[in-house]
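Q: The sequence and its predicted three-dimensional model are supplied below.
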2 protein chains.
Amino acid sequence: MIDGSILIGAEQRQRPAKFTGHNAATGAALPNSYSNADVQDVADACALAADAAPALAALSPNDRAAFLESIATHIEEIGEELIATALAETGLPRPRLEGERGRTTGQLRLFASEVRAGYWLDVTIDPALPDRTPPRADLRRVNVPLGPVAVFGASNFPLAFSVAGGDTASAFAAGCPVVVKGHPAHPGTGELVARAIADAVAASGLPAGTFSYLPGTAHELGGALVADPHIKAVGFTGSRGGGLALAAIAAKRAEPIPVYAEMSAINPVVLMPHALAARAEALGPAFVASLTLGAGQFCTNPGVVIALDGPDLDRFIAAAAEAVGKAAPQVMLTPGIRAAYDKGVAALEGNRAARLIARGTAGEEGRGVAALFETDADSFARDPALADEVFGAASVVIRCKDMDALAQAVAGLEGQLTATIHLDPSDEADAARILPLLADRAGRVLANGWPTGVEVTWAMVHGGPYPATTDGRSTSVGTAAMSRFLRPVCYQDIPAALLPLAVRDDNPWGLPRRVEGKAVTA
Amino acid sequence: MIDGSILIGAEQRQRPAKFTGHNAATGAALPNSYSNADVQDVADACALAADAAPALAALSPNDRAAFLESIATHIEEIGEELIATALAETGLPRPRLEGERGRTTGQLRLFASEVRAGYWLDVTIDPALPDRTPPRADLRRVNVPLGPVAVFGASNFPLAFSVAGGDTASAFAAGCPVVVKGHPAHPGTGELVARAIADAVAASGLPAGTFSYLPGTAHELGGALVADPHIKAVGFTGSRGGGLALAAIAAKRAEPIPVYAEMSAINPVVLMPHALAARAEALGPAFVASLTLGAGQFCTNPGVVIALDGPDLDRFIAAAAEAVGKAAPQVMLTPGIRAAYDKGVAALEGNRAARLIARGTAGEEGRGVAALFETDADSFARDPALADEVFGAASVVIRCKDMDALAQAVAGLEGQLTATIHLDPSDEADAARILPLLADRAGRVLANGWPTGVEVTWAMVHGGPYPATTDGRSTSVGTAAMSRFLRPVCYQDIPAALLPLAVRDDNPWGLPRRVEGKAVTA
C-alpha cells in the first residue's frame, strides 16, 4: 500500500528526489522510499484546494459529519499495517499507538457530532424592524470557513496530531480543504493515513482537492505551502523556531493569514505546602511517572516544579530522585530529538545555578535518559535559560523561600499550555492567590493531577498565551478548535431564495440560533 | 470642564507640550489647548491598567453591565457642551452628532445587556467520568479577558467610534481595562467623554486604572502604547498605513499581541441587469445619497459600482451624474483628510483609464467636492490604483461586457467591509453565482440597500478579510465584537471553592452553558 507517493487530490505523483524513514529504535533505514514534494506540487495542491473550497463550504452539517466519520472508518480499516508502521517509525510502544489510533478516530467522530450540533455556525438573526424610525434591515450572521488550511503534523503524535489529527479534523469540520505537509519522521504512517483520507474524500463524493498530502524533508516545502496565496490559515505543532518561522512567512504575504502554532511549554507544577507535607513521598514518583511518560515527549510534559523550600520539599525531591534513578532509558522519536534532548540536559548540567539531582538508568546508546535538576527562585528569575523547554524527560525543581517568592516565580513564567497545582483543603487560602496567576499564564489549569494526557472534549483548551502558542485565543484540541478556521458574515436583506440554508427562516438544518438576542433551539 | 488634561486613572496631568483643536469648517484654532501625553504617561497608564485588570475581570456580569450603563448616563449628562464641542471640531451636522451620541449610549447599553446574557463566557462543562477507563477529569471552560486594551479612536466617528466607542465598549464588556489614545482631530470632544468614563469608573467603585486617556499628536505616542508590555490587545480604526504600522509594532514585541485594525474598503456595489433595467433612474440618486452622506467619510462608503455595460448603465450613470452635479460641497473632518481626498480625486483625474463623469458643485475653499468616474473591467483588472480607497465622496463605475467579466471583477477585489447587490427577482439566477463571491470578499453582504449605516446589533459584522481589517475573523461593531478581547481557559479538577463563579455547579450568575455538549439554559 505504501509507495512513497505525493497525493495531489486524487492524483498520485512520484518525484525523483526521495527520502527514507528510519527505525526509531535502531536508526536503520526502513525499506520504503518517499518522494520529496516540490514547489509545483505545492502550487497544484493549493489550487485544487481552492477549487474544492466552495463545495466543501456548502455541505450540510450532516454530509460534512459523515465525511469525518468516513475518515475514521477508513483509518480503522488500515488495520495492523498502520500500527506496525508507526511502531517502527516512532519507537512508541504498541499500547500507546493503539490508544492514539482510538483517540484519532474518536476525535473525528466527536467533531462529526459537533458539526451536527451546529453551535459552531453561531447563527444570529435580527429580524427586520420596518416600523422603527429609521427602519432596521433584516440581519443574519453565520460563520463561514476561511478556505484552504495548511497543516503541519507533529512528530510526537504520529496519528492524533499528524495527517488526520486535530488540526485536520477541525479544519474539515469547519468546512476547509486541507493540504498536509507530511512529517518526515513517520512518512509511512503518514502515507497510510493520507490514503485513508483520500479514499474517504472519494467515497463521500467530495471534490478531490478537499485533501492533498505533501511528504518531504525540506523546510522550503513548508515555507512555500504557507506562502501560497490559496492558503487561508495554518495549523502547526512543533518547535518554537519552526512555528515562528512559519508565522513570519504568513505575516509577510500580500494577504497575511493566521498561523495557529502550538510551540513550546514547560508546564509548571506548583506543590502547595500542606499537600507537600501530607504526601511528598507519593507526589515524587507520581510526578516522575508524568515526566517520563512517552520519554517525556509531550507538549504538556512537566518541565518545572515550584514549591516552598524546606524539609517537605527535600522529601519530595528524594522520592522523585529515587524514581528518576529507576527510570529506564527510552527510545526517542528521532535521533535529532534525542540529540536536542541531550544538548538541553547538558546545558542544565553546565549551568552553575542548576544542581543535578538524578539521572535515569543508562542503557543502550542513543536512548533518552531522564534528568532532574533543582535551583532556587532567585536564580530562576535571573536566568531565562533555566526556563527553556528541554523536549524530553527533564525537569527543574525551584526552591522558593516563601509564598511571595513562589507567587513571583509563577508570575514570571512565560505563557504555558498547562499549569498544575497540588493542594490540600488547608492550602485553599494561599491557592486562591496562586490559582489566578496560573490561569493568567496558561490555557489549562489543573489541580491534584498531572498535565500529560489531554482529553478531547467540548471543554478542553490545549493552547495558551504566547509563546506556548502564536494565538492564545484558540485551542488546538477539543471541539472549540473549529473556531480557528471560521469567520463571520452578516447577510442584510438578502432575498430568501438566495440566503445560505443555515440562516433561512425555515431552519432546514435544525440549528440552534439567537434571534433578537434570545436563544432559540430548533 | 475641558482643561487639556491627560487622565491617568483618577489623576489629571498636564504636560508643557500642547496642541490645539481646530474648527473643521473655518480651520481656525479653537480656544482650548491640550497636553501631549509622553512616554512616561503611557507607561504609567498601562501599569495602572494592569493593576486594575484582575478586579475588572472578576466583576459579576451584572456589575460590569452596570458600569457600562453608568458610562452611558455620564455621557448623556454632559449635555449640549458635548454636541457643541463636536460640532466645532468635526464640522459634522448637529442631527448626525445627536444621532451618533444616541448610537454611542445605545451601544454601551446593548453591550450591558449582552454581558448579562452571558453567552460570551461560553461556559462549557464536561463533568468527571470516574467510572470510565481511564477516568475522565472534571473539565470546565470559560472565557477570560485578555487584559489591558489600547484603543485608537476614529476621526470620522468622534463619539460612536472614539473614546467611548465600539472598541472601548466591547473591551470593557469583555472585562479589559482600556487606555485610549485620543484622536487629535477632536480633542475637546475626546476629553469630555474621557471624563465621563473616569466619573463612571469612580461612581462604580472600580480601580482607577480601569480607564486612562492619552491625548496627543505624535505617532510615537501610539507606538509606545502598542509596545507597552502591559497591553494585551489593540483596537484601531483608521488608515491602512496607520493600522499596518501598529500591527508591525505589535508583532515585534517580546510577546506579540493581536491588533484589530479596521483600515480601508471600497465597498463594491453590484447592479444586476434586471434591477438596473427596471430602476436605473432611481438607483442613480440613491447611490449618490449614500456616496455623499457625511461628505463620504464612512468606512462603508460605496467607492466602486460594478455593472453590465449598455444603455441601462448609461441611464444609471446619467442619473448619478446629475445627482453628483447637484451635491453641495461639504466640510470635511480635517484639512489633512480633505487634502488626501483632493489628491485621490486628482490621481483618478490623471489616470488615463478613468473618465470623469461628474463633480459636485464647487463652493467655499477647502470643502470636499463629490466626484464620479467610470472605467471598464479590463482597465480595473489591470490597474490596482483604480481600486485604491479615496476617503470621501468619490466613486468609480466599472463597465463589464458580460456576466463573466462582472464575476471576474468581483472575484478580483481585495477584502472589503461590505459588498452590496441590487437585484430584482429575475436576477436571482445570476445573483446565485455572484453572491457567494461577494460573501467571500466581505464581512457584510447586503441587497437592495446601501452600505453606509451600520446597525449595532447581535448579528452585525463590521469587519472583513484583509486588507479591510487585520483580522477577518472579527467584527468591531455589534455584540460579537467582545470576542476579540477574550481567550478560553479550561479548569480541570479544581476544588469547588476555588473555581471561578462562572463555572461553578450552582451557577450563581445564571449563565447559559453547555454540559457534556448539550445546551442548558439557566
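A: Thanks, I have the structure now.

Q: Next up, the contacts around residue A:228.
A: For residue A:228, the contacting residues are A:42, A:43, A:46, A:150, by C-beta atoms under 8 Å, 6 or more residues apart in numbering or on different chains. The C-beta positions use only the backbone N, C-alpha and C, and glycine is treated the same way.

Q: Also residue A:519?
A: Applying C-beta under 8 Å, 6+ apart, one finds that residue A:519 lies in contact with A:512, A:513, B:119, B:512, B:519, B:521.

Q: dump the residue contacts of the fourth one.
A: Contact partners of residue B:512, counting by C-beta under 8 Å, 6+ apart, are A:519, B:117, B:118, B:119, B:123, B:519, B:520, B:521, B:522.

Q: Just the buried subset of those, written out for PyMOL, thanks.
A: Buried residues among the contacts of residue B:512 (16 or more other C-beta atoms under 10 Å in any protein chain shown), as a PyMOL selection:
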select buried, chain B and resi 117+118+119+123
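
Q: Next step: the contacts of residue B:512 restricted to strands.
A: When the contacts of residue B:512 are checked against strands (DSSP state E), the matches are A:519, B:123, B:519, B:520.

Q: Who is the third one paired with across the strands?
A: Right, the one you point to is residue B:519. Note on residue B:519: beta-bridge partners by DSSP bridges are residue B:514.

Q: One more: residue A:330?
A: According to DSSP bridges, beta-bridge pairing links residue A:330 with residue A:368.

Q: quick check, nearest of the ones in strands among the contacts of residue B:512 to residue A:393?
A: Set against residue A:393, the nearest of the ones in strands among the contacts of residue B:512 by C-beta to C-beta is residue B:123 (36.2 Å).

Q: I'd guessed that closest one sits against residue B:505; true?
A: No. Residue B:123 is beyond contact range of residue B:505, at 11.5 Å (criterion: C-beta atoms under 8 Å).

Q: what's the first-to-last distance across stretch A:214-233?
A: Stretch A:214-233 has an end-to-end distance of 17 Å (criterion: C-alpha to C-alpha, to the nearest Å).

Q: Could you report the neighbour count for the closest residue to residue A:383 other than its chain neighbours?
A: Counting by C-beta to C-beta, 6 or more residues apart in numbering or on different chains, residue A:383 lies nearest to residue A:353, which is 5.5 Å off, once chain neighbours are set aside. Look at residue A:353: counted by other C-beta atoms under 10 Å in any protein chain shown, it has 17 neighbours.

Q: from what I can see residue A:353 touches residue A:386, true?
A: Yes. Shown here, residue A:353 and residue A:386 form a contact pair, counting by C-beta under 8 Å, at 6.4 Å.

Q: Give me the common contacts of the two.
A: A:375, A:379, A:380.

Q: domains of chain A?
A: Chain A breaks down by automatic domain parsing into domains covering A:61-263+A:469-522, A:268-447.

Q: Check what contacts the lengthiest helix in chain A and list those residues.
A: Longest helix in chain A, counting residues (DSSP state H): helix A:94-117. The contact list for helix A:94-117, computed with C-beta under 8 Å, 6+ apart, reads A:61-62, A:64-66, A:68-69, A:71-73, A:75-76, A:82-83, A:86-87, A:90, A:92, A:120, A:157-160, A:164-166, A:169-170, A:172-173, A:294, A:456-458, A:479, A:482, A:512, B:517.

Q: For that helix, what is the distance to the chain centroid?
A: With C-alpha atoms, centre = their mean, to the nearest Å as the basis, helix A:94-117 stands 14 Å off its chain's centre.

Q: just stretch A:503-516 next, same as before
A: Relative to the centre of its chain, stretch A:503-516 is centred 32 Å away, using C-alpha atoms, centre = their mean.

Q: and that stretch, which residues are buried?
A: So stretch A:503-516, judged by 16+ other C-beta under 10 Å, has buried residues A:503, A:504, A:507, A:509, A:511, A:512, A:513, A:514.

Q: Pull the contacting residues for the second one.
A: It stands for residue A:504. Residue A:504 is in contact with residue A:496, counting by C-beta under 8 Å, 6+ apart.

Q: mind redoing it with 10 Å?
A: Residues in contact with residue A:504 (C-beta atoms under 10 Å, 6 or more residues apart in numbering or on different chains) are A:123, A:125, A:140, A:496, A:497, A:511.

Q: Roughly how far does it sit from residue A:61?
A: Noted for residue A:504: a distance of 14 Å to residue A:61, by C-beta to C-beta, to the nearest Å.

Q: Report the set of residues contacting both of those two.
A: Shared contacts of residue A:504 and residue A:61, counting by C-beta under 10 Å, 6+ apart, come down to residue A:511.

Q: Could you report the distance from the spatially closest residue to residue A:273 that is not a sequence neighbour to chain B?
A: Closest residue in space to residue A:273, ignoring its immediate chain neighbours: residue A:308 at 5.3 Å, by C-beta to C-beta, 6+ apart. According to C-beta to the nearest C-beta, to the nearest Å, residue A:308 stands 19 Å off from chain B.

Q: Equivalent analysis for residue A:303, please.
A: Remark: distance between residue A:303 and chain B (C-beta to the nearest C-beta) = 18 Å.

Q: Dump stretch A:440-455 to PDB, restricted to CA.
A: Extracted in PDB, the C-alpha atoms of stretch A:440-455 (Å, rounded to 0.1, in the frame of the first residue of the first chain):
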ATOM      1  CA  ASP A 440      -3.300  34.200  33.700                       C
ATOM      2  CA  ARG A 441      -0.300  32.200  32.200                       C
ATOM      3  CA  ALA A 442      -1.900  29.100  30.800                       C
ATOM      4  CA  GLY A 443      -4.700  27.700  28.700                       C
ATOM      5  CA  ARG A 444      -5.500  24.800  31.100                       C
ATOM      6  CA  VAL A 445      -5.200  24.900  34.900                       C
ATOM      7  CA  LEU A 446      -5.400  21.600  36.800                       C
ATOM      8  CA  ALA A 447      -5.400  20.500  40.400                       C
ATOM      9  CA  ASN A 448      -4.100  17.400  42.000                       C
ATOM     10  CA  GLY A 449      -3.200  15.700  38.800                       C
ATOM     11  CA  TRP A 450      -0.600  15.800  36.100                       C
ATOM     12  CA  PRO A 451      -0.600  17.700  32.900                       C
ATOM     13  CA  THR A 452       0.200  14.900  30.400                       C
ATOM     14  CA  GLY A 453      -3.000  13.400  29.000                       C
ATOM     15  CA  VAL A 454      -5.200  15.800  27.100                       C
ATOM     16  CA  GLU A 455      -8.900  14.800  26.800                       C
END
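
Q: I'd like the average pLDDT over it.
A: Averaged across stretch A:440-455, pLDDT comes to 97.

Q: same deal with stretch A:73-90?
A: Across stretch A:73-90, the average pLDDT comes to 97.

Q: returning to what we had before: as TSV, the contacts of residue A:519 with pLDDT and distance to residue A:285 would be great.
A: Shown next, in TSV, are these (pLDDT from 0 to 100; distance: C-beta to C-beta, whole Å):
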residue	pLDDT	distance to residue A:285
A:512	96	47
A:513	97	52
B:119	97	44
B:512	96	43
B:519	93	42
B:521	75	45
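
Q: Right, and chain B sits closest to which residue of the stretch 151-300 of chain A?
A: Nearest to chain B in the stretch 151-300 of chain A, going by C-beta to the nearest C-beta, is residue A:255, at a distance of 5.0 Å.

Q: Figure out how far the lowest-mean-pLDDT helix or strand in chain A is from the centre of its chain.
A: Counting by mean pLDDT, DSSP states H and E, the weakest-scoring helix or strand in chain A turns out to be strand A:518-520, with a mean of 93. Offset of strand A:518-520 from its chain centre (C-alpha atoms, centre = their mean): 33 Å.

Q: can you check stretch A:245-258 too?
A: Distance of stretch A:245-258 from the chain centroid (C-alpha atoms, centre = their mean) equals 20 Å.
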